[in-house]
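Visitor: task: produce atomic coordinates for the following.
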Amino acid sequence: MSKRQLTIRYIIFYILFSPDSWQVLTGLIAASFLTPLVALPDKGYGARAILFIMIGTIGYAAARIPARGVTQILKKWILGDNRP
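Guide: Residues are numbered from 1 along each chain as shown. Purely as a prediction, here's the structure:
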């Protein structure tokens, strides 16, 4: 298999068609919204950082199946019948 040249278009399509990208995005969104709701006001930055990482990891893991669905829909919508 020949090596592809790295272009902006290739990177954007790789990010769009990778389920991991959608999982990371879902984990970050979940952590951003839920951490302030869960963190107690008397806790310091360290405790909030750990909660952010924990909630982000849970969001990442929970988004596996929906991320695959989003990726498949995007492939069908953007590539049409030219899918590999």
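
Visitor: any regions of this structure where pLDDT drops low?
Guide: 1-2, 82-84 (pLDDT under 70).

Visitor: from the middle of its chain, how far away would stretch 24-39 be?
Guide: Using CA atoms, centre = their mean, to the nearest Å, the distance from the centre of stretch 24-39 to the centre of the chain it belongs to is 12 Å.

Visitor: what residues of it count as buried?
Guide: By 16 or more other CB atoms under 10 Å, the buried positions in stretch 24-39 come out as V24, L25, T26, G27, A30, A31, L34, T35, A39. C-beta here means a position set from N, CA and C on the backbone, and glycine is covered the same way.

Visitor: what's that stretch in contact with?
Guide: Stretch 24-39 has contacts (CB atoms under 8 Å, 6 or more residues apart in numbering) with 47-48, 51-53, 55-60, 62-63, 66-67.
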